[in-house]
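Chemist: Return atomic coordinates for the entry below.
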Amino acid sequence: MSLSDDVARVLTVLCPMHLTLDASGHVAQVGPTLQKLRPDDRMEGKRFLDIFELIRPRSVAAIEELFTTPGVKLRLQFRDMPRTGFKGVMVPLAPGEGAVVNLSFGFSVLEAVRDYALTAADFSATELTIEMLYLVEAKSAAMEASRSLNTRLQGAMIAAEEQAFTDTLTGLKNRRALNHVLKRLRNAQRPFAVMQLDLDFFKAVNDTHGHAAGDHVLQEVARAMVSETRETDTVARVGGDEFVLVFDRLQDRARLESIADRLIAGVTAPIPFNGKLCQVSASIGSAFYDGVSDMDTATLMSEADMALYAAKHAGRGRHFLYDPDRDGPVPG
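Modeler: Numbers count the residues shown, from 1 in each chain. Presented below is the predicted three-dimensional model:
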C-alpha cells in the first residue's frame, strides 16, 4: 500500500468529515460522514466552492487564495438545501498538490444529527461531539421522564380536585364546588338564577324500601336535573335530599318557571326499584342575581331558601320565586 493510500485510510478513520482537494480546487476524496450528508450527490470531482459557500474569510474570492494561507479557518455552508453550516480548517499540501480540509458542525451538531440521522459511528472515536451527544441524549431522556412525571402528577392533582368537588353518590357537584361557582359568578358580576330543590317524602322511601332504594332515587333525580341544564350550568347535591341548580346568565322568569315545572313533573313520576315503585315529589325555591346589584351570595341563597319553604308550606310539589319588588316569595 502506498503512502497516499495510508494517508487516505487514516483520514477516513480520524477525520470522517474531511475533503482532499487537488491543485485546481476539485474534490479528490471525501470522508464517509461528509458524503453521507449528500448520499445521492457524489462530491468527488466537483469544485469545492461549487459545493460550499464560503462565509469566512470574507476577503477570499478564489480557492487559490486559500491555498496560500496555511491553517486558514473556514466558515461555510452547503449551497443547496438543507444549507447546513460548518466550521473548518484548511491545510495546504506541498505547492501544486492541493490541500486537506477538515470540517465539523460546531454548535449546529444537534440539528445535523437530527436532519441526517447521524450516529456515534459517523464521528471519530475521539470526537468530543460524541460526548456532547451522550449528554444531550441523557438530558432529553431526563426531561422526557420529568415531563411524564409532571403529566401524571397533574392528572392525579386534577383527579383529586375533581373528587374533592364531586358528590360520590350522584356524580353531581358538592357544596364546596357550589360555593366556588357562586363566588366566581358573583365576582364576575355575571347574571344567573339559582334554584333550591328539596325532595318531599324522601324519608318515607328510606323507611319503607331501605337506603339502597333511597340511593337509587337520588341518582335518578340527579339524572333528571342534569337533563334540564346546560354545560355552563351547575347542579350540586348539598345535603341528603337537598340540591341546588345554578343557571348561568338566565334571567327569563318564564323560562325558569318552565324548567321548574318540568323538574317537578320528572321527580314526581314513580321511580322503579327492585320491582317496587318509589314515590317522591320536589319543592323548589328560586332567586335571581341580576349581575348589577351588590347582593352577596349568602343573601341570594337566603332568598331562594325563603322561596323553597314557601313552596313547602303551600303544599309541596310547588315552585316559588323570590320577588324583590314584593320583598318575599311568590308562586312560580
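
Chemist: tell me which element the residue nearest to residue 73 when sequence neighbours are not counted falls in.
Modeler: The spatially closest residue to residue 73, leaving aside those adjacent along the chain, is residue 89, at 5.6 Å (CB to CB, 6 or more residues apart in numbering). In short, each C-beta sits where N, CA and C put it, glycine included. Counting by DSSP states H and E, the element that carries residue 89 is strand 85-92.

Chemist: Ok, residue 12 next?
Modeler: helix 3-14.

Chemist: Note down every partner strand of the helix or strand that comes right after that helix and its orientation.
Modeler: Sequence order places strand 18-21 as the next helix or strand after helix 3-14, per DSSP H and E. The strands that strand 18-21 pairs with in its sheet are strand 27-30 (antiparallel), strand 99-104 (antiparallel) (by DSSP bridges).

Chemist: Can I get the ones you listed in CSV including mean pLDDT?
Modeler: Listed next are the strands paired with strand 18-21 as CSV, based on pLDDT from 0 to 100:
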stretch, mean pLDDT
strand 27-30, 91
strand 99-104, 89
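
Chemist: Among these, which comes closest to residue 199?
Modeler: For residue 199, the closest of the strands paired with strand 18-21 is strand 99-104, at 78.3 Å, according to CB to CB.

Chemist: what does the closest one rub up against?
Modeler: Applying CB atoms under 8 Å, 6 or more residues apart in numbering, the contact partners of strand 99-104 are 11, 15, 17-21, 34, 48, 66-67, 74, 76, 86-93, 129.

Chemist: please redo it, this time with the cut-off set to 7 Å
Modeler: Residues outside strand 99-104 that contact it (CB atoms under 7 Å, 6 or more residues apart in numbering) are 15, 17-21, 34, 67, 86-93.

Chemist: Give me the buried positions along the helix or strand following that strand.
Modeler: Toward the C-terminus, strand 99-104 is succeeded by helix 109-116 as the next helix or strand (DSSP H and E). In terms of neighbour count (16 or more other CB atoms under 10 Å), helix 109-116 has its buried residues at 109, 112-113, 116.

Chemist: next structured bit after the one helix or strand in the chain whose mean pLDDT sits lowest?
Modeler: Sorting the helices and strands of the chain by mean pLDDT, DSSP states H and E puts helix 128-164 at the bottom, at a mean of 66. Following helix 128-164 in sequence order, the next helix or strand is helix 175-187 (DSSP H and E).

Chemist: quick one: average pLDDT of that following helix?
Modeler: For helix 175-187, mean pLDDT is 93.

Chemist: before we move on, what about stretch 58-74?
Modeler: 80.

Chemist: try stretch 247-261
Modeler: On average, stretch 247-261 scores 95.

Chemist: for stretch 105-124, same thing?
Modeler: 78.

Chemist: Buried only: go through the contacts of strand 99-104 for me.
Modeler: So, by 16+ other CB under 10 Å, the buried ones in the contacts of strand 99-104 are 15, 17-21, 34, 67, 86-88, 90, 92.

Chemist: now the angle between strand 99-104 and the helix holding residue 12, please.
Modeler: For helix 3-14 against strand 99-104, the angle by axes from the mean of the first three to the mean of the last three CA atoms, to 10 degrees is 10 degrees.
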